[in-house]
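Engineer: Next comes the sequence, and after it the predicted model I'd like to discuss.
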Amino acid sequence: MTGATETDIKRGRGPLWLLHLTAGLVVLACFAYGIRIFESLPDVVATHWGPGGRPDAWSPKTFGSVFFPLLTAAGVVVLLAIVAAAVPKMVLPDKEPSAWELYHREGLIRGTIAALGGTSFLIAVVFAFFAVAGWSDPDHVSSLPALLLIALVLGVIPVSYAMASRWARRTALAEGIRPTAAEEEQDKLWIAGILYNNPDDPHILVPKRPGTGIGLTVNVGNRKGRAIMVILLIVLVIGPLVLGTIASL
């Protein structure tokens, strides 16, 4: 594949950055609102909320105590944008990749940028909610948005990769680029291009797909691999949601 064609594949990433931009705008808008009401806030403000959403820590009103949630959100938004910008350098292609492999790699890059952007936006919205809720009704701040954040982020990530994988396949085919028999068989083993699903492979942990970086991933086609994914789902999502809901009552 020529360098010019590789450049053509990279075009069109711009809209993916709208999520990162929107996340930044949410934080900036909340900052603007906070600055406007800063003088009307009490001299001592709540800075932490315990079970049930009741404040259990207070500090004198300063820029840091009032805007700490937004400063945290701003830092996360900037960090995720930097990581997203570095993704093309982190996901290196194989030596002498085929045109089909390059489209797959581009789909992975776009999926990662979108997943990071969606995560950034959700974090910005949740932290903005906590900031505004703490300013307007400090006696009770619901913890539900924080609990939902985990589930929403874990939903955004697979959706982003699935859509990007479909884009890569559809665009390549539209350009007249078709996979070899071996590449077609390889595609069938990966869900959304990132999740390995091979019932005939007894291994639980397998190398990541060529061209997607180094490391291992779980084979969800394996019974033990599926069990690991279920355990992770319970530990990272269901458990925190149940415990957090109970604590917020």
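Structural biologist: Alright, I've got the coordinates.
Engineer: and A172, how far is that from F127?
Structural biologist: As judged by CB to CB, to the nearest Å, A172 and F127 stand 39 Å apart. Bear in mind the C-beta positions are built from the backbone N, C-alpha and C, glycine included.
Engineer: between the two, who's got more neighbours?
Structural biologist: F127 (25 against 21; other CB atoms under 10 Å).
Engineer: Kindly confirm my reading that that one is in a strand.
Structural biologist: No - counting by DSSP: H, G, I helix; E, B strand; the rest coil, F127 falls outside a strand, being helix.
Engineer: residues near W100, how many?
Structural biologist: Close neighbours of W100, defined as other CB under 10 Å, add up to 21.
Engineer: which ones are touching N197?
Structural biologist: Counting by CB atoms under 8 Å, 6 or more residues apart in numbering, N197 touches L189, W190, I191, N219, V220, G221.
Engineer: Let me know whether the second one touches R209 as I believe.
Structural biologist: Yes - counting by CB atoms under 8 Å, W190 does reach R209; the two are 5.7 Å apart.
Engineer: hmm, back to that, is there a quick PyMOL command that grabs whichever of the contacts of N197 are buried?
Structural biologist: Entered in PyMOL, the line below selects the buried ones among the contacts of N197, by 16 or more other CB atoms under 10 Å:
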select buried, resi 189+190+219+220+221
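Engineer: Which residue is the nearest non-sequential neighbour of H104?
Structural biologist: Counting by CB to CB, 6 or more residues apart in numbering, H104 lies nearest to A168, which is 5.6 Å off, once chain neighbours are set aside.
Engineer: From A32, how far off is that neighbour?
Structural biologist: A168 sits at a distance of 39 Å from A32 (criterion: CB to CB).
Engineer: of the two, who's got more company?
Structural biologist: A168 (23 against 9).
Engineer: pLDDT at the more buried one, what is it?
Structural biologist: Per-residue pLDDT puts A168 at 90.
Engineer: would you say it is within a strand?
Structural biologist: No - using three-state DSSP, the assignment for A168 is helix, not a strand.
Engineer: Spit out the contact partners of it.
Structural biologist: Applying CB under 8 Å, 6+ apart, the residues near A168 are Y103, H104, E106, G107, L108, R110, G193.
Engineer: Among those, which are located in strands?
Structural biologist: Applying DSSP state E to those, no entry is found in strands.
Engineer: Quick one, which of those are buried?
Structural biologist: Buried, going by 16+ other CB under 10 Å: Y103, H104, E106, G107, L108, R110, G193, out of the contacts of A168.
Engineer: how many neighbours does V44 have?
Structural biologist: 12.
Engineer: Please apply the same query to I123.
Structural biologist: With other CB under 10 Å as criterion, I123 counts 21.
Engineer: so it touches V78, yeah?
Structural biologist: No - assessed by CB under 8 Å, I123 is found out of contact with V78, at 11.5 Å.
Engineer: Would you mind measuring from E96 to L102?
Structural biologist: E96 is 11 Å from L102, by CB to CB.
Engineer: higher neighbour count, these two?
Structural biologist: More crowded of E96 and L102, by other CB under 10 Å: L102, with 21 against 7.
Engineer: Check whether the more buried one really touches I9, as I assumed.
Structural biologist: Yes - counting by CB under 8 Å, I9 is a contact partner of L102 at 5.9 Å.
Engineer: Quick check: pLDDT value at W190.
Structural biologist: Value for W190, per-residue pLDDT: 86.
Engineer: who touches it in this structure?
Structural biologist: With CB under 8 Å, 6+ apart, W190 has these contacts: Y196, N197, R209.
Engineer: let's see it at 10 Å
Structural biologist: By CB atoms under 10 Å, 6 or more residues apart in numbering, the contact list for W190 reads H104, S165, Y196, N197, N198, K208, R209, T212, T217.
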